[in-house]
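Student: Build me a structure from this.
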Amino acid sequence: MTKQKFLRLISVFAIISFLPLSVLAQVDPNFNPNKLLDDKIFSDTQTFGGPEGIQKFLEVKGSVLANTSPEFLAKLKEPQITMLKQALEDPQPNLGRMRTAAELIWDASRQSGLNPQVIIVTLNKEQSLITGHQGSSPDELQRALDHAMGFACPDSGGCDSLFPGFYYQLFGNLDADGNRYLGAAKSLMKSFNTPGGRGPQVAGAITHVGDVVILDNTPSDVYNPPAQQAVTLLNNATAALYRYTPHVFNGNYNFWRFFNEWFRYPNGTLFAIAGDQKTYIVQNGTKQMVPDFVAKQRGLVLSAKITVSPNEFDSYPTDKVYGPADNTIIKDAENGKTYLFIDNVKHPISQFVISQRGLNPASALTVSSAEASLFETGSVLPPKDGTIVRGQTTPAVYLVDGGKIKLFSEMTFKQRKITAKQITLVPDDEIATYTQNGFVPPLDGTLIKPQSGSTVYLVQSGMKRPLTMELFKNLGLSFKNVLTLTDQEVEALPLGAFANPKQMTWFSVGSKNGPLYLFKDGTKHSISAFVAKQRGITPDYVFSDGEAREWLDGIPIPPRDGTIVMGDDKNDKTVYLVSGAQLRPLTYQAFKNRGITAKRITTLPQAEVNAYAKGDVISK
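Tutor: Here you go, the predicted structure:
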């Protein structure tokens with residue numbers, strides 16, 4: 001996002017200047033800068049049908065966001081504090097595990113009412129997170145994720161310290177005093193839903209749908225746009241997008257280009273090339289071939305398909321063959337094998353599991369081997385997730401999770417207080433066909449250590465998080481509660497960052513005289529020397545740089561309310577009043593009305609002033 005600049009509002013009766021022909025020749029002739037996207041599309045939250053549809057799109061595009069490993073999910077910086085997520089209206093504050101990028105995008109869409117396609121396109125417009133970064137270094141990728149939506153990153157340089165992280169970019173954050181700040185998704189929808197269509201701010205005034213504004217363009221060797229360009233805000237979506245990024249080129253042209261390339265046709269559109277008998281369906285920016293038996297099972301009207309040119313056909317990447325609905329049972333007519341479809345993959349399934357899952361074997365569709373072979377064959381399906389299974393003669397007990405089975409250790413079996421009535425017996429030869437996926441993790445909050453090691457870990461969200469002696473002391477833990485597990489079981493748990501200290505921990509880094517912080521609401525808030533002295537803050541704990549570096553950064557603790565401050569940059573003469581933990585700029589009249597003298601103003605390093613949360617201007 002680029003911060004709003006002062007723009008000039010011109011009369012709606014003025015003649016709008018058109019781009020030079022030399023520029024138009026380089027720009028898609030279908031591009032209309034006055035209407036970037038239909039309002040109905042902007043607010044359509046069901047375009048992907050769920051996080052699974054988003055995940056598939058990311059995978060087809062080869063996006064770095066398709067990574068679902070625990071190590072990558074930690075880079076998204078989802079907080080572990082339930083109260084923080086509840087305050088941000090996160091739809092899933094108590095999930096108990098880290099969410100994937102696809103799940104966070106879907107939940108941000110649900111929270112805000114914004115089309116997830118808009119979020120995805122913005123992620124690419126701002127940080128190339130769909131089409132780029134495949135070869136980026138870990139640090140480069142982390143920077144891109146931290147500023148994923150370009151939110152609160154003005155053209156003038158630097159990004160607001162309140163939103164560093166994929167999660168915070170989408171959902172927003174709280175400052176050290178609990179003031180809430182909207183993230184990119186809700187901010188866009190607030191702009192969209194404002195009566196009249198809240199557009200770019202012009203000389204401090206809000207513009208509306210129907211207004212004509214002059215926007216600055218970013219210089220570009222590709223499009224060679226004019227320095228300024230007149231745009232008419234024809235609908236709410238266009239007004240919201242220009243408020244977010246007040247440029248036609250390259251910002252909003254790139255937004256339109258990606259959106260038009262990926263989502264030109266809505267999901268469910270059937271099309272084909274002239275003379276080709278094959279039918280394809282548009283699904284989340286891809287095309288999938290539709291077999292006849294699937295079209296019949298899903299009730300698709302093949303006569304409604306449209307004919308497209310080969311170039312248009314090729315512009316949509318080809319995804320897997322379009323399968324029947326989830327939980328559809330098919331039977332191969334040639335070999336008699338039975339399969340169940342889940343997420344477009346056919347899984348071998350036994351009659352026992354069909355019955356256990358409450359499905360009707362009589363509903364099976366008989367298809368040819370040629371039709372069945374069109375689809376990927378997945379692992380043998382065990383009973384439904386959450387089922388606890390054991391072989392009829394073997395002692396090992398497993399938990400079905402994500403379509404795979406995880407082994408209970410003696411400790412996790414006892415910890416969950418499993419009874420014989422909860423265990424489903426399965427034929428030994430069948431349980432041997434299920435895909436095994438490690439161990440059942442200990443419950444969250446469990447303290448563990450390996451048999452051959454001394455490191456103690458805290459289990460959270462299925463990950464092991466290391467504890468130092470200072471953290472152990474800070475959290476008030478006891479060694480008598482540490483459980484010793486086999487090296488294999490501990491090794492199987494993914495490694496997370498150092499465990500977080502307790503809420504409201506005042507600490508320094510490296511030594512008692514090191515940098516000061518407050519840990520609150522899942523983030524660490526830095527405390528300058530001036531604020532520490534003014535507020536009388538001293539550290540209660542000393543943590544290492546390695547620990548502190550892994551904890552998320554929040555906004556710094558500001559001076560006390562009522563303090564008058566300014567930065568030491570000679571080019572910035574703004575004077576602020578600290579109020580409600582925010583720095584609020586004072587106009588000359590407000591400065592005069594309060595009888596403020598130069599002696600009351602505390603001059604701080606400009607970087608420190610820039611880092612604090614800012615509030616509205618005080619004008620009187």
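Student: how long is stretch 587-598 end to end?
Tutor: 15 Å (CA to CA, to the nearest Å).
Student: Which positions in that stretch come out as buried?
Tutor: Ala590, Phe591 (16 or more other CB atoms under 10 Å). Bear in mind the C-beta positions are built from the backbone N, C-alpha and C, glycine included.
Student: any idea of the mean pLDDT for it?
Tutor: Average pLDDT, stretch 587-598: 91.
Student: So which residues of the stretch 251-400 of the chain form helices?
Tutor: Taking DSSP state H, counting those that start in this stretch, the helices of the stretch 251-400 of the chain run over residues 253-263, 292-298, 310-314, 351-356, 369-372.
Student: For the longest one, give me every contacting residue.
Tutor: This points to helix 253-263. Contact with helix 253-263 is made by 27-28, 30-31, 33, 36-37, 47, 117-118, 120-122, 124-125, 130, 223, 241, 245, 285, 315, as judged by CB atoms under 8 Å, 6 or more residues apart in numbering.
Student: tell me the contacts of Leu76?
Tutor: Met98, Arg99, Ala101, Leu104, Leu145, Gly165, Phe166, Tyr167.
Student: any idea which of these is closest to Gly567?
Tutor: Gly165 (25.7 Å; CB to CB).
Student: So what does the closest residue to the closest one other than its chain neighbours have for phi and psi?
Tutor: By the measure of CB to CB, 6 or more residues apart in numbering, the closest residue to Gly165 outside its immediate chain neighbours is Lys77, 3.3 Å from it. Backbone torsions of Lys77, given as degrees, to the nearest 10, read phi 60, psi 40.
Student: Over to Ala239?
Tutor: Torsion angles at Ala239 (phi, psi; degrees, to the nearest 10) stand at phi -60, psi -40.
Student: So it versus Thr328, what's the distance?
Tutor: As defined by CB to CB, to the nearest Å, Ala239 lies at a distance of 44 Å from Thr328.
Student: Looking at the two, which is more packed in?
Tutor: Shown here are Ala239 and Thr328; by other CB atoms under 10 Å, Ala239 has more neighbours (29 against 20).
Student: The more buried one and Leu37: what is the separation?
Tutor: From Ala239 to Leu37 the distance is 11 Å (CB to CB).
Student: circling back to that earlier point, which ones among the contacts of Leu76 are found in helices?
Tutor: Here DSSP state H is the test, and the contacts of Leu76 give Ala101, Leu104, Leu145, Phe166, Tyr167 as lying in helices.
Student: Between all of the residues you listed, which two are separated the most?
Tutor: Spatial extent of the ones in helices among the contacts of Leu76 (CB to CB) is set by the pair Leu104 and Leu145 at 11.0 Å.
Student: tell me, what's touching the two both at once?
Tutor: Leu76, Phe166.
Student: Tyr265: how many residues sit nearby?
Tutor: 16.
Student: residues in contact with it?
Tutor: Phe271, Val282.
Student: Who are the packing partners of the helix or strand encompassing Gln589?
Tutor: Counting by DSSP states H and E, the element that carries Gln589 is helix 588-593. If contacts are counted by 3 or more CB pairs under 8 Å, 6 or more residues apart in numbering; DSSP states H and E, helix 588-593 sits against no helix or strand.
Student: which residues are in contact with the following helix or strand past it?
Tutor: Scanning forward in sequence from helix 588-593 by DSSP H and E, the next helix or strand is strand 601-604. For strand 601-604, contacts defined as CB under 8 Å, 6+ apart pick out Ser528, Phe530, Pro559, Thr563, Ile564, Val565, Met566, Gly567, Asp568, Val575.
Student: Give the buried subset of these as a PyMOL selection command.
Tutor: Buried subset of the contacts of strand 601-604, written as a PyMOL selection, criterion 16+ other CB under 10 Å:
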select buried, resi 528+530+559+563+564+565+566+567+575
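Student: now the contacts of strand 601-604 in TSV, with pLDDT and secondary structure?
Tutor: Converted to TSV, the contacts of strand 601-604 look like this (pLDDT from 0 to 100; DSSP: H, G, I helix; E, B strand; the rest coil):
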residue	pLDDT	secondary structure
Ser528	96	coil
Phe530	97	helix
Pro559	96	coil
Thr563	96	coil
Ile564	96	strand
Val565	96	strand
Met566	94	strand
Gly567	94	strand
Asp568	94	coil
Val575	94	strand
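Student: Output the contacts of strand 601-604 in TSV, with distance to Lys190 appended to each entry.
Tutor: Shown next, in TSV, are those (distance: CB to CB, whole Å):
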residue	distance to Lys190
Ser528	32
Phe530	35
Pro559	30
Thr563	30
Ile564	31
Val565	29
Met566	31
Gly567	29
Asp568	35
Val575	29
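Student: And the contacts of strand 601-604, which two are furthest apart?
Tutor: Ser528 and Val575 (18.1 Å).
Student: which of the helices of the stretch 251-400 of the chain is buried the deepest?
Tutor: Of these, the one with the most neighbours on average (mean count of other CB atoms under 10 Å) is helix 253-263, at a mean of 19.
Student: For the spatially most central residue of the chain, give me its contacts.
Tutor: Nearest to the mean C-alpha position of the chain, by CA atoms, centre = their mean, lies Leu104 at 3.9 Å. By CB under 8 Å, 6+ apart, the contact set of Leu104 is Leu76, Glu78, Phe166, Tyr167, Leu170.
Student: if you set the cut-off to 10 Å instead, what comes out?
Tutor: 51, 54, 65, 73, 76, 78, 90, 92, 98, 119, 148, 166-167, 169-171 (CB atoms under 10 Å, 6 or more residues apart in numbering).
Student: tell me which helix or strand of the chain sits lowest on mean pLDDT?
Tutor: strand 8-10 (a mean of 34; mean pLDDT, DSSP states H and E).
Student: you'd agree Thr47 is up against Asn267?
Tutor: Yes. Contact criterion CB atoms under 10 Å: Thr47 and Asn267 qualify, at 6.3 Å.
Student: Domain map for this structure?
Tutor: When the chain is parsed with automatic domain parsing, its domains come out as 8-36+192-248, 42-190, 270-314, 329-372, 388-439, 447-492, 505-550, 564-611.
Student: ranking these by burial, who's on top?
Tutor: Counting by mean count of other CB under 10 Å, the most buried of the domains of the chain turns out to be domain 42-190, with a mean of 20.
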